[in-house]
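In: predicted structure and sequence below. I'll ask about it afterward.
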Amino acid sequence: MENPHQLALFFGAALLFALVSKVLTRKWLTAPMVFVAFGLLTGAGGLGWLTFQPDSEWIKLLTEVTLMLVLFADASQIRVSALRHRVALPARLLGISMPLTIAAGTAVAMLLMPDWSVWEAALVATVLAPTDAALGQAVVSNEAVPGPIREALTVESGLNDGIALPVVLVFLALATTEVGDGSGWLWFWAGQVILGPIAGLAIGSLSGWSLDRARSVGWTSPAALTVGGLATVALCYLGAEAIGGNGFMATFVGGMAFGARASHVEGQVHEFLESEGQLLMWMVFTVLGCLYALPALVAAEPMHWLYALLSLTVIRGIPTAISLIGTKLPWQTVGFLGWFGPRGLASILFGLLLVEEVELTTGDALFQVVVLTVILSVVLHGLTAAWAASGYGKWAEGQAPPQA
């Protein structure tokens, strides 16, 4: 979308989808499915209407900004006071399931792709470990699903990309033999996961309190409030990056702090940011379909397909089940949490690092596996999200609230 005609084509498609979105997404279709298909149809492998350079800097920027908005908007809806009493479940998913997922993904990659080094296998496993808040919206926004389960999935998808990023960078360095002092990497990772949330907490709390107070005394207007919310997202990200923290973790934690302190304006700001994030998300998935999907589908080997399928099922599901041992959660809940770990924006963003910032002998193959997994996730999680959430919600009505 590097000229006005391509932008007009995308926004025209976005308008048409907005007109019929409720009809299209009632049962089987989701917005990511529609816009990946739109990108495939209009890209160089289809009608050729959307053509642009794969190394364009705006693609990475678009993905980063989209992820920031989605994380902040979703986090602002989390009730922090309630989460304090239900922190065990997301803690298990992040602290136990995620490391096991990376380990399992590494082992399976080494088994299926023996020409990859151990660090390349670990790299693709880590890139595919974070779950996606955008692809999971059909589940986490469905009020039929019990609140603790929705909150656990939201917190997991909000924090796991920030936790994964430093690990991705370490494996990138190891895969390219550019690793230095191990203690330096340890301090880097610690700074990312500690300083980021601290920055987000401080900025989100101060901004939320300030905007709430300004609204109560009549100093601001509704339109300005939404702009203030958008500025808060940027400040959380930039503030964290400035002090060596992770910007994505900062935006998520900042969103939770903002929602807790801006009780009178949070809903209005959330609606604005959610709308902005949705539009940018549609654009990201259009780029995925237009630029990356067809090459990955054409070049994919049988073992790449198998790995992508396993990544979405057993590589995610078994570690999730192990992490929940001792919780006494029913198998339906364990299965639901294990299945709904979609891969999307974060994996795309991390995957771009493989082709933009380093030289790997199998870099193209790694990226193809990432793209293939995201596409499969878009289709499989999209097809199952609505009915599975509805079915699980109906089953959960007669059960005791989930406890971890």
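Out: That came through, no problem.

In: how much space separates L69 from G255?
Out: L69 is 10 Å from G255, where distance means CB to CB, to the nearest Å. Bear in mind the C-beta positions are built from the backbone N, C-alpha and C, glycine included.

In: which one's more surrounded, those two?
Out: Legend: neighbour count by other CB atoms under 10 Å for L69 and G255, higher for G255 (33 against 27).

In: need the pLDDT of that one.
Out: Listed pLDDT for G255 reads 90.

In: please identify every residue contacting each of L69 and G255.
Out: Taking CB atoms under 8 Å, 6 or more residues apart in numbering as the criterion, L69 and G255 both touch V233.

In: flag every buried residue along the helix or strand where S157 lies.
Out: In this assignment (DSSP states H and E), S157 forms part of helix 147-175. For helix 147-175, the buried set under the neighbour-count rule, 16 or more other CB atoms under 10 Å, comprises 148-172, 174-175.

In: what's the first helix or strand after it?
Out: helix 182-216.

In: and that following helix with helix 147-175, angle?
Out: 140 degrees (axes from the mean of the first three to the mean of the last three CA atoms, to 10 degrees).

In: can you give me the mean pLDDT across helix 182-216?
Out: For helix 182-216, mean pLDDT rounds to 84.

In: now do that helix: which elements does it pack against?
Out: Contacts defined by 3 or more CB pairs under 8 Å, 6 or more residues apart in numbering; DSSP states H and E place helix 182-216 against helix 147-175, helix 222-242, helix 247-261.

In: out of those, nearest to G326?
Out: Of all the helices and strands packed on helix 182-216, it is helix 147-175 that lies closest to G326, at 15.7 Å by CB to CB.

In: distance from that closest one to the middle of the chain?
Out: 9 Å (CA atoms, centre = their mean, to the nearest Å).

In: then stretch 40-52?
Out: For stretch 40-52, the distance to the chain centre is 26 Å (CA atoms, centre = their mean).

In: and if you look at stretch 298-308?
Out: Taking mean C-alpha positions (CA atoms, centre = their mean), stretch 298-308 and its chain are 23 Å apart.

In: same check, this time on stretch 227-246
Out: The answer for stretch 227-246 is 18 Å, by CA atoms, centre = their mean.

In: any idea how far L376 is from the closest residue to I78 other than its chain neighbours?
Out: Closest residue in space to I78, ignoring its immediate chain neighbours: M256 at 5.3 Å, by CB to CB, 6 or more residues apart in numbering. According to CB to CB, M256 and L376 sit 31 Å apart.
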